[in-house]
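Visitor: Test case, fold it:
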Amino acid sequence: MREVDRKLVSELLKNSRRSDRELAKAIGVSQPTISRIIKRLEQDGIVREYTIVPDFRKLGYKIMAVIFLKLGQHGNSLSPQQLEEMFSKARKLEKDNPRTFLLVKTGIGLNHDMIVISLFHDYSEYASYIQMIKSESAAELSPFYESEKIESFLIDLEGEMHYQPLTLSRLAINLQRNMEEEQG
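Guide: So this is what the prediction gives:
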C-alpha cells in the first residue's frame, strides 16, 4: 500500500464523514486524487464500509460478551466445507433469533478456535443466548462445536473504569506512527 493510501485510510478512520475536499487538504493532494484513491481502496476491499462507533450504553446495551467456542467434536477440527455448512445453518438460526454480533471469526488460542463478540441488553438476555446455543434449539449446530466448552468473558459496559473505549481512531494513530518509523 502506498504512503498516500495509508494516510487516507488513517484520515478516514479518524472521521469518514469528511468530504473529499477536506481529506485532500489534510493529506496535501488534490480532490480528484482523493476521489480516485477512495474508489480504488473500495474496489480493492481495503475500505469495506463507512460506519460509526456508537456509545453502546446509550443504545441500551449493558454487556459485551466475548464468547469462545471449541469447534469440532472430541478434538477433531472442521473442514472448510463443514465451516461453511455451520455458518449457513447459523445464519438460518439467527433469522429466527437475531443477535447483535460485532464479530464472529475462527482463530487459535485459549484451547478454542472461534470467537463471538456480541452485545446484550442485560445479563438475562446473555444467559438466555448461552442457554439457547447449548440447547436443542441449536441442535442443527451441535455437531459443529462442543457445547460443554463454551466460555465467556463479560464486559460491563456500564462500568466507570476503562482505559480505552472501542474506537478506530487508535488504529489511525498506529498507522501514522508506522509510516513515520518507515520514513526514518
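Visitor: how would you label Leu83: helix, strand or coil?
Guide: Following DSSP: H, G, I helix; E, B strand; the rest coil, Leu83 is assigned to helix.
Visitor: you'd agree it is up against Thr106?
Guide: Yes. Counting by CB atoms under 8 Å, Leu83 does reach Thr106; the two are 7.0 Å apart. No exception for glycine: its C-beta is placed from N, CA and C like everyone else's.
Visitor: Now for those two: what residues contact both?
Guide: Leu71 (CB atoms under 8 Å, 6 or more residues apart in numbering).
Visitor: Mind listing what's buried along the lowest-mean-pLDDT helix or strand in the chain?
Guide: Of all the helices and strands that make up the chain, helix 80-96 has the lowest average by mean pLDDT, DSSP states H and E, namely a mean of 83. By neighbour count on 16 or more other CB atoms under 10 Å, the buried set for helix 80-96 is Glu85, Met86, Lys89, Ala90, Leu93.
Visitor: pLDDT of the host helix or strand of Asn174, averaged?
Guide: Element membership for Asn174 (DSSP states H and E) is helix 169-183. Per-residue pLDDT over helix 169-183 has a mean of 87.
Visitor: what about Pro165, how many neighbours?
Guide: Residues within reach of Pro165, counting by other CB atoms under 10 Å, total 10.
Visitor: Fine, thanks again, bye for now.
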